[in-house]
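Q: Quick check, what structure comes out for this input:
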Amino acid sequence: GLSTNVAVGVGIIDAHSGALGVAVDTSNLALISGTSACHMICSVDPIFVPGVWGPYFGAQREGEWLSEGGISACGALMDHVVKRYGYLCEEGKEGHVLQSKTMTEVYIELNEWLRAHDKTCDFAADIHMSPEFHGNRSPYADPEAMGTIDGLTLDMSYSTLAKMYLATVQSVAYTTRHIVEAMVANGHSIRSISACGGLTKNRLWVQEHADALQLPIRLPAETESVVLGSAILAAVAAGAYDSIAEASRSMCELGEIVAPRTDTKDFHDWKSQVQKGMYDQHLQRRMRTESILKTSSGSVIQEATRGYVWFTPHSTFGGLSTEPPLSVGSRTFETMEEALQYADGRTDDLFSLCCYLVLHKFGSEKHRKTLMDTGDRTLVYCKEGDLKWGIGLAISEFGRYRRTCWKGENLMGKSLMAVRGELNGNGKCLLESKTQQMASLFT
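A: Model (predicted):
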């Protein structure tokens, strides 16, 4: 076996290792691209960006904070589009492009066709795509989002497939642009992109990203950047370098810089904004669908297909739809919120307080079904201006669909879900022991 003198570097997530392998720092964003994509940037001080994970202290480099955005389906979306629209019918012949070729071979041929026919970025000007086919991780943090394509026709030629392919690459590049814009708007300074991963072998993909972002794309000399990142960790663990930053500067070599084509800027500015608008329109349609499915009570909206239950102060959850009124200890309250306001200020553990009242109301067999019927959906308390118990937005506001627009903690929704989870277990609520002390607040 190994000697006890052998140094072992800490394990790390593959994408994070790739970021080390391209020397991520405070102005150079690491873009790790494959089936999905990750966007990582460091900062000296913590920078909070809605829709972006983190910041995490020391997760990438010593003494710095890491922020991470991402795209749920990147290469996976490109593969899907080829599979979905790769059935061709032209010149009396029919068949799928993947019948006798690999996906990589199809991509190579598509790139060659676009180049041979002098097709530039505006070749896909009439195809617009919102690429949330697997939800949106960043910058909207909307797992329920779905994809949209505008500009489809009945044409089944190779030209149309090439156009769809280019539009897909552009849509992914615009999502990266939107993530970068969100990071910059909240305090990050990003001057370049260092990219690695399987998709960087696709020259069209790299160039479209450089053009869409109007930033240089730095490609490493070592194509296996994830492996290099692991080697950097091992080198530091073995004492060859004093820090990860020092090891990165020494071991990471720049291979090539792909510069943006400035003459494409106006086109990408326009099309990127169109894509943002498509997501907003998608949200509006979801809201309209929701209003049609609205329950007859007019207070609770249950989106069975979207995974949310929204409720207001006077709905089943926030208020009191059952008789008799809510009796807690020696006191009686008309609404849950009234009880919370009474006890607020008497304890710092507001979550346990809310859980105690939820248990008191829904713990009995008589009312438990109301809560359990929500399944595993997310419960969201909507009340304008309520930053503690709710999300700070009215149920009529468009922003409630975007988690990044939520202003409040949603403590009431969180406590309802916590109690629901316990009641759905072995029949014994573990939260009950934590909330017994709350009973004294109502004596």
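Q: Only C-alpha atoms from now on, for both contacts and neighbour counts.
A: OK.
Q: so who does residue 211 touch?
A: Residues near residue 211 by C-alpha atoms under 8 Å, 6 or more residues apart in numbering: 259, 260, 261, 262, 264, 265, 268.
Q: And the last one, how close does it get to residue 251?
A: It stands for residue 268. Summarising the geometry, the distance separating residue 268 from residue 251, computed by C-alpha to C-alpha, to the nearest Å, is 35 Å.
Q: Can you pick out the residue with more neighbours from the two?
A: Set side by side, residue 268 and residue 251 show more neighbours around residue 268, with 22 against 16, by other C-alpha atoms under 10 Å.
Q: mind showing which ranges of this structure have poor pLDDT?
A: Counting by pLDDT under 70, the chain has low-confidence residues at 290-306, 314, 316-326, 426-436.
Q: residue ranges of the helices in it, please?
A: Along the chain, the segments classed as helices by DSSP state H run 14-21, 75-85, 103-116, 158-185, 203-213, 225-237, 244-251, 265-292, 336-343, 350-362, 365-372, 411-423, 431-435.
Q: Could you point out which of the contacts of residue 211 is nearest to residue 161?
A: Closest to residue 161 out of the contacts of residue 211 is residue 268 (20.7 Å), distances taken as C-alpha to C-alpha.
Q: how deep is the nearest residue to the closest one once chain neighbours are set aside tucked in, by neighbour count?
A: Spatial nearest neighbour of residue 268, chain neighbours left out: residue 212 (5.4 Å); criterion: C-alpha to C-alpha, 6 or more residues apart in numbering. As a burial measure, residue 212 scores 28 neighbours (other C-alpha under 10 Å).
Q: Bridged to residue 195, which residues?
A: Under the criterion DSSP bridges, residue 195 forms beta bridges with residue 31.
Q: contacting residues around it?
A: By C-alpha under 8 Å, 6+ apart, the contact list for residue 195 reads 22, 30, 31, 32, 33, 217, 218, 219, 220.
Q: Not including adjacent chain positions, what is the nearest residue to the fifth one?
A: This points to residue 33. Setting aside the residues directly before and after it, residue 33 is nearest to residue 197 in space (C-alpha to C-alpha, 6+ apart), at 4.8 Å.
Q: Could you pull up the residues touching that neighbour?
A: The neighbourhood of residue 197, defined by C-alpha under 8 Å, 6+ apart, consists of 18, 32, 33, 34, 223, 224, 225.
Q: from those, which would you call buried?
A: Neighbour counting by 16 or more other C-alpha atoms under 10 Å classes 18, 32, 33, 34, 223, 225 among the contacts of residue 197 as buried.
Q: Kindly indicate which of the residues you listed lies nearest residue 56.
A: For residue 56, the closest of the buried ones among the contacts of residue 197 turns out to be residue 18, at 17.0 Å, with distances computed as C-alpha to C-alpha.
Q: okay if I get the helices of the chain as TSV plus distance to residue 53?
A: TSV is the format used below for the helices of the chain (distance: least, C-alpha to C-alpha, whole Å):
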stretch	distance to residue 53
helix 14-21	13
helix 75-85	21
helix 103-116	32
helix 158-185	11
helix 203-213	21
helix 225-237	20
helix 244-251	22
helix 265-292	21
helix 336-343	31
helix 350-362	23
helix 365-372	31
helix 411-423	20
helix 431-435	29
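Q: Tell me which of these sits most buried.
A: When neighbours are counted by mean count of other C-alpha atoms under 10 Å, the highest per-stretch mean among the helices of the chain falls to helix 14-21, a mean of 24.
Q: Quick check: phi and psi at the most centrally placed residue in the chain.
A: Central residue of the chain (C-alpha atoms, centre = their mean): residue 137, 1.3 Å from the mean position. In terms of degrees, to the nearest 10, the main-chain angles of residue 137 are phi -80, psi -50.
Q: residues touching it, list them.
A: Residue 137 sits in contact with 51, 52, 69, 70, 71, 72, 143, where contact means C-alpha under 8 Å, 6+ apart.
Q: 6 Å instead?
A: 70, 71 (C-alpha atoms under 6 Å, 6 or more residues apart in numbering).
Q: Next one: it from residue 28, what distance?
A: Going from residue 137 to residue 28 by C-alpha to C-alpha gives 21 Å.
Q: Alpha carbons only: can I get stretch 92-103 in CSV?
A: In CSV, the C-alpha atoms belonging to stretch 92-103 read as follows (Å, rounded to 0.1, in the frame of the first residue of the first chain):
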residue,chain,number,x,y,z
GLY,A,92,-36.7,12.7,-53.0
LYS,A,93,-34.6,11.2,-50.1
GLU,A,94,-35.6,10.8,-46.5
GLY,A,95,-33.5,9.8,-43.5
HIS,A,96,-31.9,10.9,-40.2
VAL,A,97,-28.4,12.4,-40.2
LEU,A,98,-27.5,10.1,-37.3
GLN,A,99,-28.4,6.9,-39.1
SER,A,100,-24.8,6.3,-40.2
LYS,A,101,-22.8,9.0,-38.4
THR,A,102,-21.9,9.8,-34.8
MET,A,103,-23.0,13.1,-33.2
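Q: Would you mark the buried spots in it?
A: Of the residues in stretch 92-103, those buried (16+ other C-alpha under 10 Å) are residue 97.
Q: Contacts for it next, please.
A: The set of residues external to stretch 92-103 that reach it, using C-alpha under 6 Å, 6+ apart, is 86, 87, 88.
Q: Give me the distance between the closest residue to the second one other than its chain neighbours and residue 149.
A: Using C-alpha to C-alpha, 6+ apart and skipping residues adjacent in sequence, the residue nearest residue 87 is residue 96, 4.1 Å away. Remark: distance between residue 96 and residue 149 (C-alpha to C-alpha) = 21 Å.
Q: right, and residue 17 touches residue 229 too?
A: Yes: taking C-alpha atoms under 6 Å as the contact criterion, residue 17 and residue 229 are neighbours in contact, 4.4 Å apart.
Q: For the residue nearest to residue 128 when sequence neighbours are not counted, grab the count of nearby residues.
A: Nearest-residue entry for residue 128: residue 150, 5.1 Å, with adjacent residues in sequence omitted and distances by C-alpha to C-alpha, 6+ apart. Counted with other C-alpha under 10 Å, residues neighbouring residue 150 total 11.
Q: how near is residue 150 to residue 164?
A: Where residue 164 is concerned, residue 150 sits at a distance of 11 Å (C-alpha to C-alpha).
Q: again, but for residue 232
A: In this structure, residue 232 and residue 164 are separated by 40 Å, where distance is defined by C-alpha to C-alpha.
Q: burial of residue 62, as a residue count?
A: By the criterion of other C-alpha under 10 Å, residue 62 has 12 neighbours.
Q: if I look at it, how far off is residue 233?
A: For residue 62, the distance to residue 233 under the criterion C-alpha to C-alpha works out to 12 Å.
Q: swap in residue 31?
A: Taking C-alpha to C-alpha as the measure, residue 31 falls 19 Å from residue 233.
Q: for residue 307, same thing?
A: 41 Å.
Q: again, but for residue 353
A: 45 Å.
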